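Chemist: The following block contains a protein sequence and its predicted model.
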Amino acid sequence: MIKDNQKSFSRLQIIIDIIVLAIAYICSWAIRFVGPLSANAVRTLSFEQYMTALIYIIPGYILLYHAFNMYAPLRMQGKRIVLASILKANTLGLLLIMVVLYTIDEGHFSRQVIYIFFGVNVILEFAVRLLTFYSLEEMRKKGFNQKQMLLVGYSRAAEEYIKRVLQNPQWGYVIRGILDDGQEIGKEYRGIKVIGSVADLSVLLPENQLDEIAITLGLSEYDRLEEIVSLCEKSGVHTKFIPDYNKIIPTKPYTEDILGLPVINIRYVPLSNTFNAFVKRIMDIFGSLFGIVVASPVMLIFAILVKLTSKGPLIYKQERVGLHNHTFMMYKFRSMEVQPEAEEKKAWTVKNDPRVTGIGRFMRKTSIDELPQLFNILKGDMSLVGPRPERPFFVEKFREEIPRYMVKHQVRPGLTGWAQVNGLRGDTSIRKRIECDVYYIENWTIGFDIKIMFLTIFKGFINKNAY
């Protein structure tokens, strides 16, 4: 029900954003050519010509808003996160408009209009979202659109559900109590009490004072599931099932219909879809070619510096584990003195490591040593965005020590990733990195990749943990 309501609300938010974008753009034009900044304005394009740009600006910005997760439920985001997303999306939008104007050599289009549009749109978008946030909050406080519900079964799932409902009063759920056969009446969790046994359903449901029933039985009680579902559906009350398998399947599963048979897939990996994988691969090919062309002067300079400052090969090749646990040779500019292969395979680089050359230390800090991996991407060993690949020795070590570590090998490793833009690079927590990698794998979209690449430009290259 929450998901359905959120879909409708997201569609409404898109319509509001379209209106806000149009208003912000028209206001920006008016400020520049009619209002206080019009004194020195030179208008070479008509109003109609300026407005034509909205045909491209509006859908472009809506896509950016999707990419920066601006249509996620407001309950899942704080005001600072919302403002940060608005700023990031509008900054990238500003840059893209400038690139387009430069590419098509449009010199008559006022750049001041675009700068003003950036400021006005950020203010209006944030104001609209704040208004929405506070309006929903006030509605819930006054008791509007609240849903009275009951939980059937005291379990870990019940506790987790109660915790989330209490943390998010804006959902409008009021939990009246819990029915359970194995707990004493009066026992409570965070103020929600056990008010009776499962048999009391037959008394409570006819009273017709409940909007929803949530079945939160423990695993050992699933033999009663059919009986309880049948009873709830006879009453006409909306019923949902919250499975108690969080410890067994510690991830986001999804269901599919196989000729009427529901099948639960333990892990949802969008890139297992052939079309999604094809689109990502096309992005990788064109992105790596573009990166190679743009970065070629930098790579040439550092190639010369590496050869002049130390003996050994220019490119350092190291075996890494990639997609489906297949190994490949990953390329980097050599940043260390040449060392025996047996030592290199099993040793982490430590702070002030004497093996790192002077120019190598700078390359590691700025990630310039990783630029040759653009050729790995072009070959298909890697992707622009994905979990960072690790050496076979450490993969064997971590697969036994870190839960869900091997999940990262269900997609191609990346030059950058969600863990990297969140500061988890070099000498940082492996567990936290894997959490970020799994989140990326399960929530992949083209927009998510664009967001990560955008964030990499601003904070992903400098690596304070690189030794």
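Modeler: Right, received. Where do you want to start?
Chemist: Which residue ranges of the stretch 51-200 of the chain form strands?
Modeler: 147-152, 173-179, 188-189, 192-196 (DSSP state E, counting those that start in this stretch).
Chemist: So for E401, which of the ones you listed sits nearest?
Modeler: Among these, strand 188-189 comes nearest to E401, with 33.2 Å by C-beta to C-beta. C-beta: built from backbone N, CA, C; applies to glycine.
Chemist: could I get the strands of the stretch 51-200 of the chain as JSON lines with mean pLDDT and distance to V122?
Modeler: Compiled in JSON lines, those are given as follows (pLDDT from 0 to 100; distance: least, C-beta to C-beta, whole Å):
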{"stretch": "strand 147-152", "mean pLDDT": "90", "distance to V122": "35"}
{"stretch": "strand 173-179", "mean pLDDT": "92", "distance to V122": "33"}
{"stretch": "strand 188-189", "mean pLDDT": "92", "distance to V122": "43"}
{"stretch": "strand 192-196", "mean pLDDT": "94", "distance to V122": "41"}
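Chemist: and these as JSON lines, adding mean neighbour count and distance to G358?
Modeler: Conversion of the strands of the stretch 51-200 of the chain to JSON lines gives the following (neighbours: other C-beta atoms under 10 Å; distance: least, C-beta to C-beta, whole Å):
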{"stretch": "strand 147-152", "mean neighbour count": "21", "distance to G358": "64"}
{"stretch": "strand 173-179", "mean neighbour count": "20", "distance to G358": "61"}
{"stretch": "strand 188-189", "mean neighbour count": "15", "distance to G358": "60"}
{"stretch": "strand 192-196", "mean neighbour count": "18", "distance to G358": "63"}
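Chemist: Output the ones you listed as JSON lines; include the columns distance to G380.
Modeler: Converted to JSON lines, the strands of the stretch 51-200 of the chain look like this (distance: least, C-beta to C-beta, whole Å):
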{"stretch": "strand 147-152", "distance to G380": "50"}
{"stretch": "strand 173-179", "distance to G380": "48"}
{"stretch": "strand 188-189", "distance to G380": "51"}
{"stretch": "strand 192-196", "distance to G380": "53"}
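Chemist: and of these, who's closest to K234?
Modeler: strand 147-152 (14.4 Å).
Chemist: With only the CA atoms kept, save that closest one in CSV.
Modeler: Output in CSV follows, covering the C-alpha atoms of strand 147-152 (Å, rounded to 0.1, in the frame of the first residue of the first chain):
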residue,chain,number,x,y,z
LYS,A,147,-4.5,3.6,9.0
GLN,A,148,-5.5,1.5,12.1
MET,A,149,-3.7,-1.9,11.9
LEU,A,150,-3.0,-5.0,13.9
LEU,A,151,-0.1,-7.4,13.8
VAL,A,152,-0.6,-11.2,13.9
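Chemist: Begin at 4 from now on, thanks
Modeler: With 4 as the first residue, the last one maps to strand 150-155.
Chemist: helices or strands next to it in the packing?
Modeler: Here strand 150-155 touches helix 159-170, strand 176-182, strand 215-218, going by 3 or more C-beta pairs under 8 Å, 6 or more residues apart in numbering; DSSP states H and E.
Chemist: Which parts of the lengthiest helix in the chain count as buried, going by neighbours?
Modeler: Using DSSP state H, we find that the single longest helix of the chain is helix 277-312. Buried residues in helix 277-312, defined by neighbour count with 16 or more other C-beta atoms under 10 Å: 280, 283, 286-287, 290-291, 294-295, 302, 305, 308-309.
Chemist: Repeat that for stretch 393-409.
Modeler: Buried, per 16+ other C-beta under 10 Å, within stretch 393-409: 393-394, 397-398, 401, 405, 407-408.
Chemist: And those residues, which is closest to M73?
Modeler: Using C-beta to C-beta, the buried residues of stretch 393-409 come closest to M73 at R407, 28.8 Å.
Chemist: For L213, the count of nearby residues, please.
Modeler: Other residues within reach of L213, judged by other C-beta atoms under 10 Å, total 18.
Chemist: my bad, S88
Modeler: Residues near S88, counting by other C-beta under 10 Å: 22.
Chemist: Need the nearest residue in space to it, chain neighbours excluded.
Modeler: F71 (4.5 Å; C-beta to C-beta, 6 or more residues apart in numbering).
Chemist: Please name the residues that touch that neighbour.
Modeler: For F71, the contact set (C-beta atoms under 8 Å, 6 or more residues apart in numbering) comprises 88, 91-92, 450, 454.
Chemist: Torsion angles phi and psi at it?
Modeler: Torsion angles at F71 (phi, psi; degrees, to the nearest 10) stand at phi -100, psi 20.
Chemist: G420 too?
Modeler: Dihedral angles for G420 - degrees, to the nearest 10 - are phi -160, psi 180.
Chemist: hang on, the earlier thing: any idea of the pLDDT on the residue nearest to S88?
Modeler: Here, the pLDDT recorded for F71 equals 84.
Chemist: before we move on, back to that, chain center to the longest helix of the chain: distance?
Modeler: Centre-to-centre, helix 277-312 and its host chain are 24 Å apart (C-alpha atoms, centre = their mean, to the nearest Å).
Chemist: Against which helices or strands is it packed?
Modeler: Secondary elements touching helix 277-312 (3+ C-beta pairs under 8 Å, 6+ apart): strand 330-336, helix 361-369, helix 376-382, strand 386-388, helix 449-458.
Chemist: worst average pLDDT in these?
Modeler: Looking at the helices and strands packed on helix 277-312, the bottom one is helix 361-369 with a mean of 86.
Chemist: ok, back up a step: among the contacts of F71, who's most crowded?
Modeler: Within these, neighbour counts (other C-beta under 10 Å) peak at A92, which reaches 25 neighbours.
Chemist: which stretches of the stretch 54-203 of the chain form helices?
Modeler: Using DSSP state H, counting those that start in this stretch, the helices of the stretch 54-203 of the chain run over 57-70, 82-106, 114-144, 159-170.
Chemist: Rebuild those as TSV, extending it with distance to V441.
Modeler: Output for the helices of the stretch 54-203 of the chain, formatted as TSV (distance: least, C-beta to C-beta, whole Å):
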stretch	distance to V441
helix 57-70	21
helix 82-106	21
helix 114-144	29
helix 159-170	19
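Chemist: So which of the ones you listed is nearest N425?
Modeler: For these, the distance to N425 is smallest for helix 82-106, at 13.4 Å, taking C-beta to C-beta.
Chemist: other SSEs contacting that closest one?
Modeler: Applying 3+ C-beta pairs under 8 Å, 6+ apart, one finds that helix 82-106 makes contact with helix 57-70, helix 114-144, helix 449-458.
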